[in-house]
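[1] pasting the structure only:
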């Protein structure tokens, strides 16, 4: 699937869209191709796929609903790192 997965939240659709835009520009500046991009129009859940890394950007309610982190929390042999701005 991918070597790494990043899951992050923005406080609003506008912030999620801005995060996606900033990340897309940074990836392009570093010559990293984006193979897939979904959800930018509504910006509730934006996905950026570079093959090696898949980035999911959510509004908090949408992130809570889908709970993607739980898919890997108990996976044997997988490293899950939780980083929070509140920490």
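    Nice, thanks for sending it over. As the structure is a prediction and not an experimental result, all values here were calculated from the model.
[2] Help me confirm that residue 34 comes into contact with residue 26.
    No. With contact defined as C-beta atoms under 8 Å, residue 34 does not count as touching residue 26 (10.9 Å). Bear in mind the C-beta positions are built from the backbone N, C-alpha and C, glycine included.
[3] Who are the contact partners of residue 8?
    By C-beta atoms under 8 Å, 6 or more residues apart in numbering, the contact set of residue 8 is 19, 55-58.
[4] switch to 6 Å and redo it
    Going by C-beta atoms under 6 Å, 6 or more residues apart in numbering, residue 8 touches residue 57.
[5] tell me the phi and psi of residue 5?
    phi -130, psi 130 (degrees, to the nearest 10).
[6] Kindly report the same for residue 9.
    According to degrees, to the nearest 10, residue 9 has phi -120, psi 150.
[7] Can you give me the neighbour number for residue 20?
    Counted with other C-beta atoms under 10 Å, the neighbours of residue 20 add up to 20.
[8] And the helices in this structure, which stretches?
    Using DSSP state H, the helices of the chain run over 13-29, 60-66, 70-73.
[9] which one is the residue positioned nearest the centre of the chain nearest to, not counting chain neighbours?
    When C-alpha atoms, centre = their mean is applied to the chain, the residue found nearest the centroid is residue 56 (2.0 Å). Using C-beta to C-beta, 6 or more residues apart in numbering and skipping the chain neighbours, the partner closest in space to residue 56 is residue 7 (4.8 Å).
[10] Who does the residue nearest to residue 35 when sequence neighbours are not counted form a beta bridge with?
    Spatially, and ignoring its direct neighbours in sequence, residue 35 is nearest to residue 49 (4.9 Å; C-beta to C-beta, 6+ apart). Beta-bridge pairing for residue 49 (DSSP bridges): residue 36, residue 54.
[11] Local confidence estimate at residue 49?
    We have a pLDDT of 97 for residue 49.
[12] Fine by me, we can end here.
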